[in-house]
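Enquirer: Take a look and give me a structure for this.
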Amino acid sequence: MRAGLFRGAGLVALVALCSAHVGSPDVWYEGSAGPYHVVVYVQVPGVIPGIADIQVQVIDAVPARVTAMVNLFNANAGTPAPDIAGPVEGRAGWYHTRLWIMAPGSNSVTIAVQGNLGNGSAVVPVVAVARRRLALSRPLGVLLGGLGVFLFAGLVTIAGAAVRESVVPPGERPTRRRVWGARATMAASALGLGLLLAGGKVWWDREDSAFQHSLYRPFPAVASITETGGRLLHFAIADSAWMRRGDAEWLRSHGDGVWTPLLTDHGKLMHLFLVRETDMLGFAHLHPATSDSVHFVARLPPLPAGRYRVFADLVHASGFAQTLATTVDVPAGTADPGWPAGDDSYYVGAGAGLSASLPGGATITWEQGTDQLVSGAPAPLHFSVREKDGRPAVLEPYLGMMAHAVVARDDGKVFIHLHPMGTVPAAAQAVFEQSGQSNAAMAGMPDMPQGSASGRLSFPYAFPEPGRYRIWVQVRRSGSVETAAFDVLVGSQSPPAS
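Expert: Residues are numbered from 1 along each chain as shown. The predicted model follows:
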């Protein structure tokens, strides 16, 4: 199934696979739930069916009731009853509940808030897929193995005793014939049980293999650079089921389902990012053009030569979002003659600590605070942009958002494209909004066309794993897209005190 045209050529074991983003499957959303401003954090289970952990923060309000429910994009049954989210002890304004996600694919978590300001709700798209195979712990395996041997020996012994002694009067010894009959029965029982166990192992191995085969993997992809007709980056989706999505007979014969078409997200069909391997000294945010939703082409900015990790964000009409990954070798050379190209942007250089200069002369400062950043905890990704004279910078909308941010770990195993509304693609949320699952406006969207004079930015997120990260923050000022980079070392979260 889905034996891509260029099997294995795309990922080349580049990244640990995940759902919508590489190595960062959890979902963050910040925006409106009617009259309430909420932050929603969904910890997505690694296997489906599985339990999602839902945390909701209601800012500057004390609601009377907070509920949450999960629903599948194309569900044809009744809407499930919402679960009540209870207050989190020691964290004022936060509410928590746990919900079962029963079906893989494009799901939504609907948050409803009731209080003295009225009622409101927000829909949070969630890509729920099986991403890993749960391993059996060694201690439990040893315990179950020991119990299995005990039961095996007990069944064999019981069979032998039944033949040898079940009809022998009390006080009499079994005859030699019965003793040998018992031994033969025990041997036959051991052989029969052994065959049953062997058959069970064959069945289990097949089930395990089928499950591993069903684990979610983003479309394989390939990328290359050509110099003919300009310095161009070519990106192709190399998945057979996608390339032959219009051939129902072929899909049926290969056991593949039908993928829904791609949607534009922030006005673009694909958001493609290049990050130079190891040192991350080259970065680009591109928006390739396509005529068939399989082959994409973008003009290449003047990036330094080297091998680059390539990440491509896509959103389907079902609300399902995925990030494709591959690599490409960028040779030394100048930019394509058509550069700069519209909303495309790039950055060359190292990351800063807490303050960085933007090309237009302004300064962007990361208001990180004094606490050490640790994995699994909400990260203070708050930034302020100021002009040379210290005034707050006037920020203009960039692709429908006041800012964009990209977070990547130095080994490429974590990659995420962030907005002030979180990790949620605006197009995916619009899919559920149009289905009537929420009465909320798009997160922050009503204020974005007018721009912002505060110069302040915030991105809800939690680093999923410890390690060295770089964060690229992109804003638009005076019609130009400007990028700054920040480096940070994320530590491990301390286990709770016992």
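Enquirer: Longest helix in the protein, please.
Expert: helix 176-214 (DSSP state H).
Enquirer: which helices and strands sit right next to the helix or strand following that one?
Expert: Following helix 176-214 in sequence order, the next helix or strand is strand 221-226 (DSSP states H and E). Here strand 221-226 touches strand 232-237, strand 306-315, strand 321-330, going by 3 or more C-beta pairs under 8 Å, 6 or more residues apart in numbering; DSSP states H and E. From N, CA and C alone the C-beta is placed, and that goes for glycine too.
Enquirer: if you set the cut-off to 10 Å instead, what comes out?
Expert: For strand 221-226, the elements it packs on are strand 232-237, strand 295-299, strand 306-315, strand 321-330, judged by 3 or more C-beta pairs under 10 Å, 6 or more residues apart in numbering; DSSP states H and E.
Enquirer: Give the buried residues for the longest helix of the chain.
Expert: Arg178, Ala182, Thr185, Met186, Ser189, Ala190 (16 or more other C-beta atoms under 10 Å).
Enquirer: Let me know the closest of those to Val142.
Expert: Minimum distance to Val142 across the buried residues of helix 176-214 is 22.3 Å, recorded for Ala190 (C-beta to C-beta).
Enquirer: ok, so what distance separates Ala33 from Ala122?
Expert: Plainly put, Ala33 is 4 Å away from Ala122 if you go by C-beta to C-beta, to the nearest Å.
Enquirer: Leu358 now?
Expert: Counting by C-beta to C-beta, the gap from Leu358 to Ala122 is 32 Å.
Enquirer: These two: which has the busier surroundings?
Expert: Ala122 (32 against 20; other C-beta atoms under 10 Å).
Enquirer: neighbours around the residue lying closest to Gly400 once chain neighbours are set aside, how many?
Expert: Take Gly400 and drop its neighbours on the chain: the residue closest to it by C-beta to C-beta, 6 or more residues apart in numbering is His266, 4.5 Å away. By other C-beta under 10 Å, 20 other residues sit near His266.
Enquirer: residues touching His266, list them.
Expert: When contacts are counted by C-beta atoms under 10 Å, 6 or more residues apart in numbering, His266 is found next to 287, 313, 315, 343, 397-401, 404, 417, 419, 425-427.
Enquirer: Same question for Glu277.
Expert: Residues counted as contacts of Glu277 (C-beta under 10 Å, 6+ apart) are Leu14, Gly306, Arg307, Tyr308, Arg309, Thr327, Asp329, Asp410, Asp411, Gly412.
Enquirer: top of those by neighbour count?
Expert: Tyr308 (25 neighbours).
Enquirer: Now do Ala128 against Val488, distance only.
Expert: 29 Å.
Enquirer: more crowded one of the two?
Expert: Set Ala128 next to Val488 and count neighbours by other C-beta under 10 Å: Ala128 wins out with 29 against 19.
Enquirer: Which pLDDT value belongs to that one?
Expert: Here, the pLDDT recorded for Ala128 equals 84.
Enquirer: cool, and Val12?
Expert: The per-residue pLDDT of Val12 was computed as 34.
Enquirer: Use 554 as the first number from now on
Expert: Got it, the first residue is 554 from now on, which makes the last one we talked about Val565.
Enquirer: Tally up the residues packed near Leu700, please.
Expert: 10.
Enquirer: did I read that right, it in a strand?
Expert: No: under the criterion used here (DSSP: H, G, I helix; E, B strand; the rest coil), Leu700 is helix, not part of a strand.
Enquirer: ok, so what distance separates it from Ala712?
Expert: Using C-beta to C-beta, Leu700 is found at 19 Å from Ala712.
Enquirer: Kindly report the same for Gly904.
Expert: Per C-beta to C-beta, Gly904 is found 71 Å from Ala712.
Enquirer: if we can go back for a sec, and the contacts of Glu830, which is closest to Trp812?
Expert: Closest to Trp812 out of those is Leu567 (22.3 Å), distances taken as C-beta to C-beta.
Enquirer: Quote the end-to-end distance of stretch 804-816.
Expert: 22 Å (C-alpha to C-alpha, to the nearest Å).
Enquirer: thinking again about what came up before, would you format the buried residues of helix 729-767 as CSV with pLDDT and distance to Arg759 included?
Expert: Formatted as CSV, the buried residues of helix 729-767 follow (pLDDT from 0 to 100; distance: C-beta to C-beta, whole Å):
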residue, pLDDT, distance to Arg759
Arg731, 85, 42
Ala735, 86, 36
Thr738, 91, 32
Met739, 92, 31
Ser742, 92, 26
Ala743, 92, 25
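Enquirer: Helices of this protein, start to end?
Expert: Using DSSP H, helices in the chain cover 691-718, 729-767, 793-796, 801-806, 979-987.
Enquirer: Run through the strands of the stretch 904-1051 of the chain in chain order.
Expert: Taking DSSP state E, counting those that start in this stretch, the strands of the stretch 904-1051 of the chain run over residues 908-910, 916-919, 934-939, 957-962, 968-971, 1009-1012, 1020-1030, 1033-1043.
Enquirer: Can you tell me which of these is nearest to Val775?
Expert: Comparing the strands of the stretch 904-1051 of the chain under C-beta to C-beta, the one sitting nearest is strand 968-971, at 18.0 Å.
Enquirer: Each with direction, which strands does that closest one pair with?
Expert: strand 957-962 (antiparallel) (DSSP bridges).
Enquirer: how much does the partner strand deviate in direction from strand 1033-1043?
Expert: Orientation check (axes from the mean of the first three to the mean of the last three C-alpha atoms, to 10 degrees): strand 957-962 against strand 1033-1043 gives 30 degrees.
Enquirer: Now for the closest residue to Val959 other than its chain neighbours, how many residues are close by?
Expert: With C-beta to C-beta, 6+ apart as the criterion, Val959 has its nearest non-adjacent residue at 4.6 Å, and that residue is Trp1025. Trp1025: 24 surrounding residues under other C-beta under 10 Å.
Enquirer: Could you measure from Trp1025 over to Ala903?
Expert: Applying C-beta to C-beta, the value for Trp1025 to Ala903 is 12 Å.
Enquirer: Pull up the overlap in contacts between those two.
Expert: Residues touching both Trp1025 and Ala903 by C-beta under 10 Å, 6+ apart: Met833, Ala1038.
Enquirer: Can you pull the poorly scored residue ranges out of the stretch 854-1003 of the chain?
Expert: Scanning the stretch 854-1003 of the chain for pLDDT under 70 picks out 988-1003.
Enquirer: Can I get stretch 1015-1026 in CSV, CA atoms only?
Expert: Once non-C-alpha atoms are left out, stretch 1015-1026 reads as follows in CSV (Å, rounded to 0.1, in the frame of the first residue of the first chain):
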residue,chain,number,x,y,z
ALA,A,1015,5.6,23.8,24.9
PHE,A,1016,8.9,22.3,23.8
PRO,A,1017,8.2,18.5,23.4
GLU,A,1018,11.7,17.3,24.2
PRO,A,1019,14.9,18.7,25.7
GLY,A,1020,17.7,19.8,23.4
ARG,A,1021,19.2,22.8,21.5
TYR,A,1022,16.6,24.8,19.5
ARG,A,1023,16.5,27.8,17.2
ILE,A,1024,13.4,30.0,16.9
TRP,A,1025,12.9,32.2,13.8
VAL,A,1026,10.4,35.0,14.3
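Enquirer: How far off centre is that stretch?
Expert: 15 Å (C-alpha atoms, centre = their mean, to the nearest Å).
Enquirer: So what's the residue count around the nearest residue to Leu911 once chain neighbours are set aside?
Expert: Of all residues beyond its chain neighbours, the one nearest Leu911 is Glu1035 (4.3 Å), with distances taken as C-beta to C-beta, 6+ apart. Neighbourhood size, Glu1035 [other C-beta under 10 Å]: 23.
Enquirer: which ones are touching Glu1035?
Expert: Glu1035 makes contact with 898, 900, 910-915, 917, 938, 946, 948, 951, 1026-1029, according to C-beta under 10 Å, 6+ apart.
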